[in-house]
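In: starting from these lines, generate the structure:
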Amino acid sequence: MSASICLIVNPAAGGGKAGRLAPEVERRLRQHGLAVRRVDTRDLDHARRLGLEAAGAGETVVALSGDGMVGALADAMRAVPGAVLGVLPGGRGNDLVRVLGIDEDAVAACATIADGVPRAMDLGEVAAESASAAGRAFVGIASVGFDSDANRIANEAPAWLGGLVYAYGALRALLSWRPARFEIELDPPGERHVFSAYSIGAANSKAYGGGMRAAPDAMLDDGLLEVMVLENISKLRFLTRILPKVFSGAHVHEPCVRVFRAREVSIRADRPFTMYADGDPIGELPLRVSALRGAVMMLTPADGPTDSAFAAPSPLSTAADPAAAAQAPPTGRSQTAG
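Out: Residues are numbered from 1 along each chain as shown. Predicted structure coming up:
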């Protein structure tokens, strides 16, 4: 990792939390012996430009923001070979930080920037169904349907709700929700499924929505998406059987939840929907979502969480034990399950 850091701050993230934390974070990074250049963003497109320029200059890019800006930076930086991205919790949800096992206190998390291990991480990519050009990348989960309404409401909610904003969005969206008919095609041209459903999600990571473990088996390095389908159920059952269990990931054992694995999925619906990824709108159906294997290098803690987000062992453990490296299991997994 370069000792030269470009700290990109979204001062509005987390209702202004990132802006308030930035001076202390900058001081702590310097205390770790790092050279720090701080820049603040105006919007996601500005963040993409800043990240691309910094990565091209050989700086390690560190985001103090929510997952939306992290996804935008990763999208831009995948074009720069060897670019390294670090994340510090500055938003309301901070799901990628949580999944990676990074400290949820932004100042304490600076230790991962100083001493962390760069690991190749997959991204998801959303593109128009018929497009041949590259689409936009995301780090977490892209979802559509009921989630579209819930995300829109959450983004309009008052900042004082903090991490509760996503549960608030779900409850508000439920009041006017009516099921939609969705069609998915796995690894086109491949198997097709049609559902009357609440939501379709394409998960690169395990969590979204401020700690909802929507895809508890998703891995960040297997080159596959977990495609999650919540089929149509009563609103009462959604409130009593799905929403309370999604924070632990136990909802996947409910019969109304279907899980598939694929490198790519096409999604269509019987009425217009906006897909959201990392909390921000990313496209209008019909769309295709793909897994981009090892698309970005992400700084991760030297001692990762017990419930690792990576299928492969840590580079530190394999470097210390060559025999373990030789015996490490392959990261590929079966492509469909349901």
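
In: run through the bridge partners of the closest residue to Ile113 other than its chain neighbours.
Out: In space, and not counting its chain neighbours, Ile113 is closest to Gly86: 4.7 Å by Cβ to Cβ, 6 or more residues apart in numbering. For every residue, glycine as well, the C-beta is placed using N, CA and C. Bridge pairing for Gly86 (DSSP bridges) gives the partners Val62.

In: Gly86: how many residues sit nearby?
Out: Gly86: 28 surrounding residues under other Cβ atoms under 10 Å.

In: tell me who's in contact with Gly93.
Out: Residues near Gly93 by Cβ atoms under 8 Å, 6 or more residues apart in numbering: 66-67, 163, 166, 208-211, 279.

In: restricted to buried residues, select those residues in PyMOL.
Out: For the buried members of the contacts of Gly93, the matching PyMOL selection, counting by 16 or more other Cβ atoms under 10 Å, is:
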select buried, resi 66+67+166+208+209+210+211+279
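
In: tell me how many other residues surround the nearest residue to Arg293 once chain neighbours are set aside.
Out: In this structure, Arg293 finds its nearest non-sequential neighbour in Gly223, 3.6 Å apart by Cβ to Cβ, 6+ apart. Residues lying near Gly223 (other Cβ under 10 Å) number 17.

In: hang on, Gly223 packs against Gly124?
Out: No: if you go by Cβ atoms under 8 Å, Gly223 and Gly124 don't touch, sitting 11.1 Å apart.

In: find residues that contact each of those two.
Out: Taking Cβ under 8 Å, 6+ apart as the contact rule, Gly223 and Gly124 both touch Ala291.

In: ok, now how distant is the residue nearest to Ile113 from Ala120?
Out: Distance of Gly86 to Ala120, computed by Cβ to Cβ, to the nearest Å: 14 Å.

In: can you show me the helices along the stretch 1-150 of the chain?
Out: 13-31, 44-56, 67-77, 95-100, 110-115, 146-156 (DSSP state H, counting those that start in this stretch).

In: mean pLDDT for those: which is lowest?
Out: Among the helices of the stretch 1-150 of the chain, helix 146-156 carries the lowest mean pLDDT, at a mean of 91.
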